[in-house]
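*Asks:* structure of the sequence below:
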Amino acid sequence: MLLRTVIVLFVAVLSCGWLGAVACAADQAQGLVLERAIPLDGVSGRIDHMAVDLKRSHLAVAELGNDTVDLIDLSAGQVVHRISGLHAPQGVAFIQSADLLAVANAGDGSVEFFRAGDFSPVGGIDLGDDADNLHVDRRTGHLVVGYGEGGLAIIDPKTRSKLADIPLPAHPEGFQLAADGNRAFVNVPDAQQIASLDLISGQQTATWRAPDLQSNFPMALDRQGRTLAVSFRGPARLALFDTGSGEVIADVDACGDADDVFFDERRRRIYVVCGAGAVDVFDRNESGLRRMAQVETAPGARTGLFVPELDRLFVAARSASPGADAKILVFRPSP
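*Replies:* Next comes the predicted model:
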């Protein structure tokens, strides 16, 4: 233990200098440092996904229980606009090629579009039921939406028309698109599977399962497209899958009620955001995964967004009691 402490302090001296080396080493051991909290005035109920507009430094927050989406100016650290009259918004995405903000509504199954500059509405499309997670295919600019009892819809945001439907055996939760736009990987917890899809043919080409693990909601794909990180709730575990074979290559205990997971490629870490009131920080190395820290957040704070370009992790904390503000917790990764 003494040797390990000396090594940590030595690394801190190299990266931080002699002054503050002990404090810096403590930050490194913690993994994430709370930088600030941004209040969400008058927001009650569950908060779901977030998205960032890097050009304008805006963070969109889907406030499912409040039927609103807040837009936060990250430079000022405050809400600058609120979109009201939504129907249980779950997914949000900024579409750079069309300069639009898309909002997926669970309540009526619609996807609504707003100009990213002034948030004025420009129309939408009705998918029928439980529009949920959103991702943008950066190769085509198309919007991919998980919805209903089992499907991904591919939408042209400029014409707000549906181009294709890809069927799934049950409602999709977290999913990721490969960088080349040819494949998608989808968590389908009610079918106890991960689906590998060919986006060109619109067919499911493989089905992966992890024995004894259920309720796979959040998913992340590493930059090389070779590894999927999937967090399970039953029991609470983090598993890594090889995207070529579908085999589990690592599997460790994690925090409970996870709803988001992210790769921090710069530091070779994985962050798991959990409703149990914590973010698990895992070190990823050649020998597998090691939990390096568990950082306290707030009960029910299970959704987040890691933005590599800003080097920040945003975690949504719902209102803890009547009259208390919900907030966005802004974490700075330690060196």
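*Asks:* can you tell me the SS state at residue 65?
*Replies:* Each residue gets one of three states, and residue 65 gets helix by DSSP: H, G, I helix; E, B strand; the rest coil.
*Asks:* so what's the nearest residue to it once chain neighbours are set aside up against?
*Replies:* In space, and not counting its chain neighbours, residue 65 is closest to residue 45: 1.6 Å by CB to CB, 6 or more residues apart in numbering. Every C-beta, even on glycine, is put in place using the N, C-alpha and C of the backbone. With contact taken as CB atoms under 8 Å, 6 or more residues apart in numbering, residue 45 is in contact with 63, 64, 65, 66, 318, 319.
*Asks:* what is the neighbour count of the fourth one?
*Replies:* For residue 66, the count of nearby residues is 24 (other CB atoms under 10 Å).
*Asks:* doesn't residue 48 make contact with it?
*Replies:* No - look at residue 66 against residue 48 with CB atoms under 8 Å: they stay out of range, at 10.4 Å.
*Asks:* could you pull out the helices for the stretch 1-150 of the chain?
*Replies:* 2-16, 21-30 (DSSP state H, counting those that start in this stretch).
*Asks:* where among these is the average confidence lowest?
*Replies:* For those, the bottom mean pLDDT is recorded on helix 2-16, which sits at a mean of 41.
*Asks:* name the helix or strand for residue 205, please.
*Replies:* strand 203-208 (DSSP states H and E).
*Asks:* buried residues, the helix or strand following that strand. List them.
*Replies:* Read in the C-terminal direction, the helix or strand following strand 203-208 is strand 214-221, with elements assigned using DSSP H and E. When neighbours are counted by 16 or more other CB atoms under 10 Å, the buried residues of strand 214-221 are found to be 215, 216, 217, 218, 219, 220, 221.
*Asks:* what helices or strands is strand 214-221 leaning on?
*Replies:* strand 175-177, strand 183-188, strand 227-234, strand 258-264, strand 269-274 (3 or more CB pairs under 8 Å, 6 or more residues apart in numbering; DSSP states H and E).
*Asks:* switch these over to JSON lines; also include distance to residue 135, mean pLDDT and mean neighbour count.
*Replies:* Listed next are those as JSON lines, based on distance: least, CB to CB, whole Å; pLDDT from 0 to 100; neighbours: other CB atoms under 10 Å:
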{"stretch": "strand 175-177", "distance to residue 135": "5", "mean pLDDT": "98", "mean neighbour count": "23"}
{"stretch": "strand 183-188", "distance to residue 135": "8", "mean pLDDT": "98", "mean neighbour count": "23"}
{"stretch": "strand 227-234", "distance to residue 135": "14", "mean pLDDT": "98", "mean neighbour count": "23"}
{"stretch": "strand 258-264", "distance to residue 135": "13", "mean pLDDT": "98", "mean neighbour count": "23"}
{"stretch": "strand 269-274", "distance to residue 135": "18", "mean pLDDT": "98", "mean neighbour count": "26"}
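*Asks:* need these in a markdown table with distance to residue 127, can you?
*Replies:* Formatted as a markdown table, the entries for the helices and strands packed on strand 214-221 read as follows, by distance: least, CB to CB, whole Å:
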| stretch | distance to residue 127 |
| --- | --- |
| strand 175-177 | 15 |
| strand 183-188 | 16 |
| strand 227-234 | 25 |
| strand 258-264 | 22 |
| strand 269-274 | 26 |
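*Asks:* so which of the ones you listed is nearest residue 85?
*Replies:* Residue 85 sits nearest to strand 258-264 of all the helices and strands packed on strand 214-221, at 25.1 Å, using CB to CB.
*Asks:* and the closest one, what other elements does it pack with?
*Replies:* Right, strand 258-264 is packed against strand 214-221, strand 227-234, strand 236-242, strand 269-274, strand 303-307 by 3+ CB pairs under 8 Å, 6+ apart.
*Asks:* tell me the angle of it relative to strand 236-242?
*Replies:* Counting by axes from the mean of the first three to the mean of the last three CA atoms, to 10 degrees, strand 258-264 points 50 degrees away from the direction of strand 236-242.
*Asks:* what comes up buried for stretch 191-203?
*Replies:* For stretch 191-203, using 16+ other CB under 10 Å, the buried residues are 191, 192, 193, 194, 195, 196, 197, 199.
*Asks:* stretch 75-82 now?
*Replies:* In terms of neighbour count (16+ other CB under 10 Å), stretch 75-82 has its buried residues at 79, 82.
*Asks:* contacts for it, please.
*Replies:* Stretch 75-82 has contacts (CB under 8 Å, 6+ apart) with 36, 38-41, 57-58, 68-73, 119.
*Asks:* how about the contacts made by residue 58?
*Replies:* For residue 58, the contacting residues are 52, 71, 72, 73, 74, 80, 94, 116, by CB under 8 Å, 6+ apart.
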